[in-house]
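S.K.: Below: sequence and its predicted model.
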Amino acid sequence: LLGRKRHFMRLLERVLLSAASSPMRLPPSPLARSGPISANLFGDIMGDALKEQKPYERPLLPSLVKKQPASYQLQEKMFSFSGEDFRVRDLSGQEVITIDGGNINLGGWVLDKLAFKEASSGAKFCSVERRAIAASTCYDIYSADGGECVAKVEREWMSMTPKYKFYYEGDANPFADFEAEGSFLDRTYTFKAGWGDTIARVRRAPELVSDLDTYVVDVAAGVDAAAILAMAVIIDEDHDEEDAKRAKEEASGGGGWPFG
């Protein structure tokens, strides 16, 4: 009996060691539209590796779907009447996207409206509008002519921590293509595809000029960088509104939840 017990313990030890040395592999999520291809070595060193993806068939801006990982600087414009104008530069410093912000006043409701343009030509390739009536924060992304809703970004409130989800085809698509999670207050977060792959990262950069939001955005190969950048702008806008609301409550003597 003692010999059988020792044999069983040896077998159990081998199973545990084998499980510890091999990462758990889960079946692919049905949310994913494309699988992983390869990893970014730089990402492996810094943390979660950026995983190359099979390009989506209708990206917002095809010219920004790269075969190699790419990094961009997303920065608020210094001189902006709306306070919601941004520019996007690549690592060489070349401006690739300009974002013109504005507001629509609908009987007391002030809604954001953003126009995304190619910097080289000035041609608009999409627009982003905040949805007036929605259960949670929701932005619709329209084609250049405004005739088609090509995607939407929705803030999820049912999870323990807030998440933002991106849906190509808008309401016609029940499954998120990717989502952002992390520290939104610190403006440091990652984008995950349906497989759980890290496909992009955003972090706040030091600001040379006060109150000018600046971000570094790292995007994996094959990923629709314009969609990632649009979502980063939406997250910035959403949290700027929350910050302004919190400051107003504090100025009026409210202590915020649960005291405000």
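M.R.: Arrived safely, thanks for sending. Numbers count the residues shown, from 1 in each chain.

S.K.: and residue 202, helix, strand or coil?
M.R.: What DSSP: H, G, I helix; E, B strand; the rest coil gives for residue 202 is strand.

S.K.: Repeat that for the one 10 residues further on.
M.R.: Taking three-state DSSP as the rule, one finds residue 212 in the coil state.

S.K.: shouldn't it be in contact with residue 73?
M.R.: No. Using Cβ atoms under 8 Å, residue 212 makes no contact with residue 73, being 11.7 Å away. Every residue, glycine included, has its C-beta placed from N, CA and C.

S.K.: which residues of the protein fall in helices?
M.R.: For the chain, applying DSSP state H gives helices covering 2-21, 41-46, 225-251.

S.K.: quick one on the thing from earlier: of residue 212 and residue 73, who's got more company?
M.R.: Between residue 212 and residue 73, counted using other Cβ atoms under 10 Å, residue 73 has the larger neighbour count: 17 against 12.

S.K.: give the contact list for the more buried one.
M.R.: Taking Cβ atoms under 8 Å, 6 or more residues apart in numbering as the criterion, residue 73 is in contact with 88-90, 205, 214-217.

S.K.: Who are the contact partners of the nearest residue to residue 204 once chain neighbours are set aside?
M.R.: Among residues not flanking residue 204 along the chain, residue 187 sits closest, at 4.1 Å (Cβ to Cβ, 6 or more residues apart in numbering). By Cβ under 8 Å, 6+ apart, residue 187 lies in contact with 202-204, 213, 215, 235-236, 239.

S.K.: gap between residue 187 and residue 154?
M.R.: 19 Å (Cβ to Cβ, to the nearest Å).

S.K.: try residue 64
M.R.: From residue 64 to residue 154 the distance is 23 Å (Cβ to Cβ).

S.K.: Dig out what the nearest residue to residue 186 once chain neighbours are set aside forms beta bridges with.
M.R.: Spatial nearest neighbour of residue 186, chain neighbours left out: residue 204 (6.8 Å); criterion: Cβ to Cβ, 6+ apart. Listed beta-bridge partners, residue 204: residue 215 (assigned using DSSP bridges).

S.K.: I figured residue 204 hits residue 213, correct?
M.R.: Yes. Residue 204 is within contact range of residue 213, at 7.3 Å (criterion: Cβ under 8 Å).
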